[in-house]
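# Compute the structure for the input listed below.
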Amino acid sequence: MKTKHVLYASLAVMAGLIAFAVLFLEAFLALLNQPALYGHARFVHIVAATFFFANAVVGMLWERRALASGRKDVILHTYETVAWLDARVSSPLIIVALVAGLMLSVIAGDLWEIGWLSWAFVLFLFSGAFWVLSDIPTQYKVKRLMAALDPADPALPGELTRLLRLRWWISLAGVTPLVLVFALMVYKPDLPAIAALFR
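Numbering: from 1, shown residues only. Just a heads-up that it's a prediction; the model follows:
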C-alpha cells in the first residue's frame with residue numbers, strides 16, 4: 001500500500017471518530033467508559049504516545065544529520081524513510097494514543113474539568129493541527145520537487161533544500177507542545193481547568 005493511502009486511511013479514521021463522537025456522543029462516551037480496561041488503556045496510551053514522540057524526534061534528528069552531510073543520496077533516502085515512517089507508524093500511533101487517552105479521560109471524569117488533562121489535550125490538538133496545516137503541505141511540495149529531480153545532477157535544487165531545512169523548524173514547533181504534554185501527564189500539576197476560563 002502506498003504511503004499516501006496509509007496517510008489518507010489514518011486521516012479518514014480520525015475524521016470518522018470525530019464524526020461518530022459528534023453524532024453519537026452518548027454511545028461514544030459509553031464505548032470509552034470502560035473502567036475495567038483502565039490499566040490496559042493506560043499501558044497502550046503510554047506506549048503509543050512514547051513511540052510516536054520518539055519517532056518524531058528521531059526523524060527530526062535523522063533529517064538534520066542527512067542535510068548536514070550534503071549528500072544527495074543520503075538526504076533523499078532519509079527523507080523517503082522518514083515520510084514512510086510518518087505514514088505507517090506515526091499516523092496509527094496518533095490514533096491509538098488519542099483513543100486510549102480519551103478512554104482514560106472519560107474514566108477519570110470530565111476532560112475539561114481536570115486542569116492538567118484539559119491543558120494536555122489542547123496542547124496535543126494544537127500540535128496535531130500545526131502538523132496538518134504546515135508539515136503535510138510542505139511534504140507534498142517536497143515530494144513534487146523530488147519527483148522532478150534529474151538523477152544525473154549531483155546536487156539538490158535550492159528550493160528543495162530550503163523546504164527540507166524548513167521541516168526542521170516545523171517539526172520542532174510540532175514536537176515542543178508534546179514535551180509539555182508529557183510533563184503534564186507525569187507531574188499532573190494543579191492547574192485551573194480550561195472549562196473554568198469560559199465561565
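# make it CA atoms for all contacts and neighbour counts henceforth
Noted.
# Asn33 contacts Met103, doesn't it?
Yes - contact criterion CA atoms under 8 Å: Asn33 and Met103 qualify, at 6.2 Å.
# Next secondary structure after the strand or helix carrying Lys4?
Using DSSP states H and E, Lys4 sits in helix 3-23. Helices and strands here follow DSSP H and E; after helix 3-23, the next one along the chain is helix 25-32.
# helices or strands next to that next one in the packing?
Judged by 3 or more CA pairs under 8 Å, 6 or more residues apart in numbering; DSSP states H and E, the packing partners of helix 25-32 are helix 3-23, helix 91-108.
# And the helices in the chain?
Secondary structure of the chain (DSSP state H): helices at 3-23, 25-32, 38-69, 72-85, 91-108, 115-130, 136-147, 158-187.
# so which of these gets nearest Ile194?
For the helices of the chain, proximity to Ile194 was assessed by CA to CA; helix 115-130 is nearest, at 6.0 Å.
# Around Leu67, count how many other residues there are.
19 (other CA atoms under 10 Å).
# Phi, psi for the residue of the chain most remote from its centre please.
In the chain, Ala152 marks the outermost C-alpha relative to the chain mean, sitting 35.6 Å out by CA atoms, centre = their mean. As for Ala152, its main-chain torsions (degrees, to the nearest 10) stand at phi -80, psi -20.
# if I look at it, how far off is Lys141?
From Ala152 over to Lys141 the distance is 21 Å, taken as CA to CA, to the nearest Å.
# now do Phe28
The value you get for Phe28 to Lys141, if CA to CA is used, is 37 Å.
# And for Phe20?
Look at Phe20 and Lys141: by CA to CA, they are 32 Å apart.
# The two: who's more crowded?
Neighbour tally, Phe20 and Lys141, criterion other CA under 10 Å: the higher count belongs to Lys141, 16 against 13.
# Under the pLDDT cut-off, which ranges of this structure? List them.
1-3 (pLDDT under 70).
# show me what contacts Arg144?
By CA atoms under 8 Å, 6 or more residues apart in numbering, the contact set of Arg144 is empty.
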